[in-house]
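[1] got a structure for you, letters missing:
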C-alpha cells in the first residue's frame, strides 16, 4: 500500500525566513497531495493541495511543488510569521479509494 | 454551518469499559473517516465509510467498531478499552478528495 515519509520531524526558523517541509510517497498511482496545518488542541485544517497534473501551486506565502518522477512533494512557506507555528502534515491519496495516507508530521516553530 | 463536530471532547475510561464516540457533519458529505493521532505517527485511519449504511476497515481497525446509520453521523465504538487505545481521535468527512476534520476527542484509558 501507499507509504508517505515526511521530513524533518521538527523545524525551527527565524521569523521572516523561509521554511521547507518535504514528503515522499511510494504509490506512483497517487494523484492528490494535500497539506494540513494543525494548531495546538485543534483538528487539522487544509492549507493547500496539488494534483498530479500540476507541478507547482502557490497561495500567497505558501507554495507546494510536486515531482512525480521522483515521487516527492514539498511545502514552502516564505516570510514566516509567529502564527505559522504549528504541526504540518502532508498526505497522498490512494488512487480511486477516496482515502488519504498521512506523513508523520513536522512541528514548525517560528522564533521571533 | 458547524462543519464536523465530535462528542465528547475528553473522556477517561478504565480498562475494559466501553464507549462510543460520535461524529456529526452538516455538509451532506458522502465519505466519513475515523483516525487516531499518536505522537510521531501522524494520523492513522481506523475505519471509514463511503456512504450511509457502509463501513470499511482502515489501517488500524482492531479493537474498534463503527456504524453509519445516518448519512450525517459516524459512530466509533470501543467495546473493551485498552491502555493502547489512549489517543486523540479525529473524525473527518469529504465529498471528494478534500477531507474536513473535527476538533478531536482526547481519550485516556487507565
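    Structure's in. What do you need? Bear in mind that the values here come from a model prediction, so they are computed numbers and not experimental data.

[2] against chain B, how distant is residue A:44?
    For residue A:44, the distance to chain B equals 5 Å [Cβ to the nearest Cβ, to the nearest Å]. Using the backbone N, CA and C atoms, a C-beta is placed for each residue, glycine as well.

[3] tell me the contacts of that residue?
    A:36, A:37, A:38, A:89, B:43, B:90, B:101 (Cβ atoms under 8 Å, 6 or more residues apart in numbering or on different chains).

[4] just the element for the fourth one, please.
    Spelled out, it's residue A:89. Applying DSSP states H and E as the criterion places residue A:89 in strand A:86-94.

[5] show me what that strand is in contact with.
    Under the criterion Cβ under 8 Å, 6+ apart, residues A:1-2, A:4, A:6, A:21, A:23, A:25, A:27, A:29-40, A:44, A:47, A:73, A:75, A:99-103, A:105-108, B:42-43, B:97 lie in contact with strand A:86-94.

[6] low-confidence ranges, the chain, go.
    Using chain A. Regions of chain A meeting the criterion pLDDT under 70 cover residues A:95-96.

[7] not quite, I wanted chain B
    Low-confidence segments of chain B (pLDDT under 70): B:1.

[8] do that again at 90, thanks
    Regions of chain B meeting the criterion pLDDT under 90 cover residues B:1-2, B:39-42, B:96-98.

[9] which residues in it form strands?
    Secondary structure of chain B (DSSP state E): strands located at B:4-7, B:10-13, B:19-25, B:31-37, B:43-49, B:56-57, B:65-67, B:73-78, B:87-94, B:100-101, B:105-109.

[10] specify the stretch among those that is closest to residue A:84.
    Distances from residue A:84 to each of those were compared using Cβ to Cβ; the minimum, 19.0 Å, belongs to strand B:100-101.
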